[in-house]
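K.L.:
Dropping the sequence and predicted coords here.
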Amino acid sequence: MTARLATHMLVGALIRRVQNEGGFAMVLHRGDPISGVILLQCLEKGEQTGLFERISDYTEGYTLASCGPKESSAPHEMAEYIARRRRSDPDLWLIELDIADAERLAAESLC
């Protein structure tokens with residue numbers, strides 16, 4: 001078994017990286033500091049570009065997987081999906097990123 005960084009450290013590093021690149025990052029819901037799941041709500045100039053979850057790739061690494069309703073769906077569908085996820089997993093971290101190519105930047109920082 002290999003050592004892994006605590007979730008709060010990964011989130012902090014991601015937020016600093018996004019801010020250094022000129023973007024906006026904010027924790028919308030703070031989960032378990034050691035092993036909480038990370039859910040990323042990605043935007044570009046305020047427009048939804050996707051919802052991604054950091055998941056294990058089962059080879060001792062991680063990947064970002066698209067989850068939830070598609071970007072073209074109604075805003076309330078995304079809010080309902082996030083509320084369901086938070087109810088079922090109170091240890092979940094919800095992070096909002098508003099920067100160009102947020103998925104790539106998050107994958108480089110978290111995976």
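P.N.:
Noted; the coordinates are in hand.

K.L.:
how about the helices of the chain, start to end?
P.N.:
7-20, 75-88, 102-110 (DSSP state H).

K.L.:
buried ones in the last one?
P.N.:
Of the residues in helix 102-110, those buried by neighbour count under the rule 16 or more other CB atoms under 10 Å are Ala102, Leu105, Ala106, Ala107, Ser109, Leu110. No exception for glycine: its C-beta is placed from N, CA and C like everyone else's.

K.L.:
and which of those is nearest to Glu77?
P.N.:
Proximity of the buried residues of helix 102-110 to Glu77 (CB to CB) peaks at Ala102, which lies at 19.8 Å.

K.L.:
Which positions in stretch 81-101 come out as buried?
P.N.:
Buried residues in stretch 81-101 (16+ other CB under 10 Å): Tyr81, Ile82, Arg85, Arg86, Leu92, Trp93, Leu94, Ile95, Glu96, Leu97, Asp98, Ile99.

K.L.:
before we move on, the earlier item: nearest to Gly31, of the helices of the chain?
P.N.:
Nearest of these (CB to CB): helix 7-20, 6.8 Å.

K.L.:
pLDDT on the closest one, on average?
P.N.:
Average pLDDT, helix 7-20: 96.

K.L.:
Might you calculate how far it sits from the centre of the chain?
P.N.:
11 Å (CA atoms, centre = their mean, to the nearest Å).

K.L.:
Then stretch 18-26?
P.N.:
14 Å.

K.L.:
Would you point out which residue is most central in the chain?
P.N.:
Leu40 (2.0 Å; CA atoms, centre = their mean).
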